[in-house]
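1. A predicted structure for the sequence below; I have some questions about it.
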Amino acid sequence: MRFARAYLMPHSYKFAIVRLEPNDGRGERLNLGIVVLRNDSLDVRVTRSLDRARVLSAALDKQVLVDLFSNFRDIDDRARREGPITEEERFGRLARLGPLSVVKAGQFMADSQQAYESRISTVLERLIEPEPAPRKVREKRTRLYSQVKRVLKDQRILARKEEGLDSHRFVAGYELDDGLVADLVLRNGAFHVFETVDASGDEASFRKAVSEIAISALVIERAKMRFGEKSTKARLIYSTSAALEKLARPSLDAAAHQGIELVNWASLNDRNSFLITVSPLAHPIEDGKGRQFASILQEKLFH
């Protein structure tokens, strides 16, 4: 017995942009929403940022605009009740309402309510909603982090602000995921991820440091997921007094157990070893004469 498979035929929906155009001779305009023609209704969608209309006209508050948008639906309902009406005629009835005008924009296809809502969201994001402000990555602000960056900058292997991982230098404040920022990342075949934890203060700083060690481990774990576990080399640089290091040792050992190399910034041997190890990994910035600065480790060692 053969069964026919049912398919939902995509339906075409025509929509238009609702634009604020105050009649003040300045020619300013602002897209505030859309109207979508449906067989039995008019779907009216308004921007989430309706308050920005006051940039063009301080006389229009939010409630006035909401009422005007509601009137579009009433006008369309009356027009359809009067008798057969074409889509062009429906758009014509909506052409102007006070400071709002309707400009025919286009159409989209949808075969389900879910697809319909998805198309509506796309239209709003592309044509109506203001572009989101670029999100700023917040770098860690500790003395240790500043010291490490200073060492890398002195070696001319800290990436400039406009440079990325393809510079093969240390990129500061590299965002791995939403809310997870690695202190430093270098790509030179493998991905080298550096986290810093400053526990050089009092007992309160120690409690914060234990929490930061856990967060650093999470950041490094996310880096391994993004770059590949075998391709990621992780180091945790920490600064602490001898007494606080003893208290933080269980947390540090747990990090080391996860394959994270520990660098004690308070140890001259650790700091010198760190510099000797990482300097050859990066491409130095050229000087003004086009030459690359060699890493003269003897001059950079800590004393």
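-> Thanks, I have the structure now. Numbers count the residues shown, from 1 in each chain.

2. before we move on, which element is Ala223 in?
-> Under the criterion of DSSP states H and E, Ala223 resides in helix 203-227.

3. residues making contact with that helix?
-> By C-beta atoms under 8 Å, 6 or more residues apart in numbering, the list of residues contacting helix 203-227 from outside reads 176-177, 180-182, 185, 191, 193, 195-199, 232, 234, 236, 238, 240, 244, 247-248, 251-252, 254-255, 258, 260. For glycine as for every other residue, the C-beta is placed from the backbone atoms N, C-alpha and C.

4. list the buried ones in that helix?
-> Going by neighbour count (16 or more other C-beta atoms under 10 Å), the buried part of helix 203-227 is 205-206, 209-210, 212-213, 216-217, 219-224, 227.

5. what's the answer for stretch 146-161, then?
-> In stretch 146-161, counting by 16+ other C-beta under 10 Å, buried: Gln147, Val148, Lys149, Val151, Leu152, Gln155, Arg156, Ile157, Leu158, Ala159.

6. next SSE downstream of the helix or strand in which the third one is found?
-> In the assignment (DSSP H and E), Lys149 maps to helix 143-154. Beyond helix 143-154 on the C-terminal side, the first helix or strand identified by DSSP H and E is strand 171-177.

7. rewinding a little: which elements pack onto the helix holding Lys149?
-> Packing partners of helix 143-154 (3 or more C-beta pairs under 8 Å, 6 or more residues apart in numbering; DSSP states H and E): strand 180-188, strand 190-199, strand 232-240.

8. how about the helices in the stretch 1-150 of the chain?
-> Taking DSSP state H, counting those that start in this stretch as the criterion, the stretch 1-150 of the chain carries its helices at 62-81, 87-93, 113-123, 143-154.

9. for Asp111, give me phi and psi.
-> In this entry, Asp111 is assigned phi and psi values of phi -110, psi 10 (degrees, to the nearest 10).

10. distance of it from Glu117?
-> Asp111 sits 12 Å away from Glu117, going by C-beta to C-beta, to the nearest Å.

11. just Lys224 next, same as before
-> From Lys224 to Glu117 the distance is 37 Å (C-beta to C-beta).

12. check Glu162 too.
-> From Glu162 to Glu117 the distance is 39 Å (C-beta to C-beta).

13. so between the two, which is more surrounded?
-> The neighbour count for Glu162 versus Glu117, taken as other C-beta atoms under 10 Å, is higher for Glu117 (11 against 6).

14. pretty sure Leu152 sits against Arg160.
-> No: in this structure, Leu152 is not within contact of Arg160 by C-beta atoms under 8 Å, at 12.0 Å.

15. mind checking which of the helices and strands packed on helix 143-154 is nearest Arg29?
-> Set against Arg29 and scored by C-beta to C-beta, the helices and strands packed on helix 143-154 come closest in strand 180-188, at 39.4 Å.

16. now do the buried residues in the closest one.
-> Leu180, Val181, Ala182, Asp183, Leu184, Val185, Leu186, Arg187.

17. looking at those, which has the smallest pLDDT value?
-> Lowest pLDDT of these: Leu180, 85.

18. Leu60 reaches Ala53, doesn't it?
-> Yes: judged on C-beta under 8 Å, Leu60 makes contact with Ala53 at a distance of 5.5 Å.
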